[in-house]
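Trainee: A structural model of the following input is requested.
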Amino acid sequence: MSSTKNFYREIAPLSAGDSFLVFDRVKDSFDFPVHYHPEFEINFILNGKGVKRVVGDNIEEIDNVELVLIGPNLYHGWELNKCTSKKIHEITIQFHNDLFHESLLSRRIMNPIRDMFNRSIHGILFSKKVAEELTPRLVRLSKLDGMDYFLEITSLLYDLANSRNQRLLSTYTVDYDTFDDYDKMKLVYEYVQKNFADKITLEDAANVASMSIISFNRFIKKRTGKTFVNYINDIRIGYAARWLVEKDMSVSEVAFKSGFNNIANFNRSFKATKNCTPSQYREDFSGLKRIL
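Mentor: Prediction:
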């Protein structure tokens, strides 16, 4: 199986202090390419019969309703394929891969969740019966906040872990040594996260990684599949996308706060990354809610 470097590495708009991110919207198409990210992801689809699901080396058409758990850095995506529905309801929940610490997962009551997380490196498809039973609870999630949300998602994870007729999707799994938790990449990531709103030069980042500019250029390209400028822009666009939905700020205010000093450059970069303008994104993702 080929490396995930051929697929889009999504910069999820989750900061280090966040717990969960939930997208809840009704749409008529899937326009996000096959991608991967270090967060866990739960994806629920209703009215999606005929949609094509790609998880690792598994490709299938889905039924009207489905519920999947994707492990960290496992590439995945959904394509419209033969689906004719104009009201596809998609709920996507993302959370950091270290949100539930190993010291918590090692407790007996959490063992089912820990075992499910371990299996999720293949992607897990839950039964149609379980998906249908949990639909009302999943739909309610975006209406919850704070600790109520945390407790409900933990309860959902526990029920999923103990559910019957789970199916592993991909025979392919990820070599975690090749991803962003590598020491130098982690230093660069943390530096960019703290300073993305300011000007960051290639020399600054190379110094953080204790590398020459030439070596750093090769390193960042190998680790992210992008130039350093594109890598920073992806992070800036990720924050901009979050603020467009969460904050009552103008597009220009979002642009400058996320590190762009030119509104035209921001609009161009945003459209290249998200395939829509900032204003369209704000309208399309009006159901998104970030949980702190």
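Trainee: which helix of this protein spans the most residues?
Mentor: For the chain, the helix with the greatest residue count under DSSP state H is helix 228-246.
Trainee: what is the rounded mean pLDDT of that one?
Mentor: For helix 228-246, mean pLDDT rounds to 83.
Trainee: Check which helices and strands the next helix-or-strand element following that helix sits against.
Mentor: Counting by DSSP states H and E, the next helix or strand C-terminal to helix 228-246 is helix 251-257. Applying 3 or more CB pairs under 8 Å, 6 or more residues apart in numbering; DSSP states H and E, we find helix 251-257 packed against helix 228-246, helix 263-274, helix 278-284. Any C-beta I mention is one placed from the backbone N, CA and C, and that applies to glycine too.
Trainee: and the shortest one, how far from the chain's centre?
Mentor: On the basis of CA atoms, centre = their mean, to the nearest Å, helix 278-284 is displaced by 18 Å from the centre of the chain it belongs to.
Trainee: elements contacting it?
Mentor: Identification of packing neighbours for helix 278-284 by 3+ CB pairs under 8 Å, 6+ apart yields helix 228-246, helix 251-257, helix 263-274.
Trainee: Tell me the buried residues in that helix?
Mentor: By neighbour count with 16 or more other CB atoms under 10 Å, helix 278-284 contains the buried residues Pro278, Tyr281, Arg282.
Trainee: export these to JSON lines and tack on distance to Asn58 and pLDDT?
Mentor: Formatted as JSON lines, the buried residues of helix 278-284 follow (distance: CB to CB, whole Å; pLDDT from 0 to 100):
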{"residue": "Pro278", "distance to Asn58": "34", "pLDDT": "92"}
{"residue": "Tyr281", "distance to Asn58": "30", "pLDDT": "81"}
{"residue": "Arg282", "distance to Asn58": "34", "pLDDT": "82"}
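Trainee: from the residues you listed, which single one is nearest Ala206?
Mentor: Among the buried residues of helix 278-284, Pro278 lies closest to Ala206 (CB to CB), at 31.0 Å.
Trainee: In contact with the residue nearest to Lys274 when sequence neighbours are not counted, which residues?
Mentor: Once flanking residues are discounted, Lys274 sits nearest to Tyr281: 5.5 Å by CB to CB, 6 or more residues apart in numbering. Applying CB atoms under 8 Å, 6 or more residues apart in numbering, we find Tyr281 in contact with Ala241, Leu244, Val245, Phe270, Lys274.
Trainee: picking up where we left off before, got a markdown table for the buried residues of helix 278-284, with distance to Phe20 too?
Mentor: Shown next, in a markdown table, are the buried residues of helix 278-284 (distance: CB to CB, whole Å):
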| residue | distance to Phe20 |
| --- | --- |
| Pro278 | 24 |
| Tyr281 | 20 |
| Arg282 | 21 |
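Trainee: Okay, buried residues for the longest helix of the chain please.
Mentor: When burial is assessed from 16+ other CB under 10 Å, helix 228-246 yields the following buried residues: 228, 231-245.
Trainee: Lys184: neighbour count?
Mentor: Neighbour count of Lys184, defined by other CB atoms under 10 Å: 15.
Trainee: Would you confirm that it contacts Phe219?
Mentor: Yes - counting by CB atoms under 8 Å, Phe219 is a contact partner of Lys184 at 7.0 Å.
Trainee: before we move on, the earlier item: farthest pair within the contacts of Tyr281?
Mentor: Among the contacts of Tyr281, Val245 and Phe270 lie farthest apart (CB to CB), at 13.1 Å.
Trainee: mind listing the strands for the stretch 101-250 of the chain?
Mentor: 124-125, 167-168 (DSSP state E, counting those that start in this stretch).
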